[in-house]
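A.B. asks: no FASTA, just this:
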C-alpha cells in the first residue's frame, strides 16, 4: 500500500487488510491514548492469547509500524485536502508544511519518541522501516503529477527529489532525538521551497 496523494480527491485511508480490525483498532487506540503498545496487555484487553495476537498481527514492531503508517496516511490525506486549487511549488510546499506541522504537533508521536527513541526512529526514518518509503512514494506521486501538468519543472527524477525532501523533513522534525537540537519546521519548509525553486 502506497501513501499516495491523489491529485483530484481526498485520499481514502484504510486499515491494513491483513490484520483483524478489532486488533488494529485496539492498537490504534492504545497509541492515541499515549500508552505503550504492550502485546501482553493488548491480548488481555482483546480476550485472546498472546500466541493468537502474534499469529494475526505479527510482532510488536510490525503492529506498531502499521499503526504509524496508518496515522501517517491520515496526516498526508489531511495535508493534501483542499490544495487542488494550488499549483506547482506552492501546492507541494503547502502539503509538506501542513504534514510536518501535523507530525510535529502529535502528542502520541512525541510520547513514542520520548519513551522509545530507537524504536520510533527505526520505524519512522529507516529505509527498512514501514513509514519512510510510503511518505516518499506519496510525495513522488505529487511531484510527478505537478510536473506532468506543466506546473513544476524538475531537473531530477521525482523519486530522488521526494527522497531528499523527506530526509530534510526528518532531520528537522526529529532533530531533538537525532542531534539534540530543537525541531524546526519553518527552517525545513524554507529549505524545501528553495530546493524546489532550484529545480
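C.D. replies: Received it, and whenever you're ready, just let me know what you need. Keep in mind that this is a model prediction, so the values were computed, not measured.

A.B. asks: Tell me how far residue 188 lies from residue 136.
C.D. replies: 15 Å (Cβ to Cβ, to the nearest Å). For the C-beta atoms, the positions are set from N, CA and C on the backbone; glycine is no exception.

A.B. asks: what's the answer for residue 84, then?
C.D. replies: 22 Å.

A.B. asks: out of those two, which sits in the more crowded spot?
C.D. replies: residue 136 (23 against 13; other Cβ atoms under 10 Å).

A.B. asks: residues touching the more buried one, list them.
C.D. replies: 159, 162, 163, 166 (Cβ atoms under 8 Å, 6 or more residues apart in numbering).

A.B. asks: State the helix or strand in which it lies.
C.D. replies: helix 132-148 (DSSP states H and E).

A.B. asks: helix, strand or coil for the spatially most central residue of the chain?
C.D. replies: Centroid-nearest residue in the chain, with Cα atoms, centre = their mean: residue 72, separated by 3.3 Å. The three-state label given to residue 72 by DSSP: H, G, I helix; E, B strand; the rest coil is helix.

A.B. asks: That one contacts residue 133, doesn't it?
C.D. replies: No: counting by Cβ atoms under 8 Å, residue 72 does not reach residue 133; the two are 10.8 Å apart.

A.B. asks: Look at residue 15 and report its pLDDT.
C.D. replies: Residue 15 is assigned a predicted lDDT (pLDDT) of 89.

A.B. asks: May I have the secondary structure class of it?
C.D. replies: With three-state DSSP as the criterion, residue 15 reads coil.

A.B. asks: Mean confidence (pLDDT) on the helix or strand hosting residue 92, please.
C.D. replies: Following DSSP H and E, one finds residue 92 within helix 88-104. Confidence over helix 88-104 (mean pLDDT, whole number) is 96.

A.B. asks: Quick check, residue 27 in contact with residue 58.
C.D. replies: No: assessed by Cβ under 8 Å, residue 27 is found out of contact with residue 58, at 11.2 Å.

A.B. asks: Between the two, which is the more surrounded one?
C.D. replies: When neighbours are counted by other Cβ under 10 Å, residue 27 and residue 58 differ, and residue 27 comes out ahead with 25 against 14.

A.B. asks: Could you list which residues are in contact with that one?
C.D. replies: Contact partners of residue 27, counting by Cβ under 8 Å, 6+ apart, are 37, 42, 57, 63, 64, 66, 67.

A.B. asks: and the helix or strand harbouring the second one, which residues are buried?
C.D. replies: Read that as residue 42. Element membership of residue 42 [criterion: DSSP H and E] is helix 39-46. Using 16 or more other Cβ atoms under 10 Å as the test for burial, helix 39-46 gives 39, 42, 43, 46.

A.B. asks: I'd like the average pLDDT over that helix.
C.D. replies: Helix 39-46 comes out at a mean pLDDT of 97.
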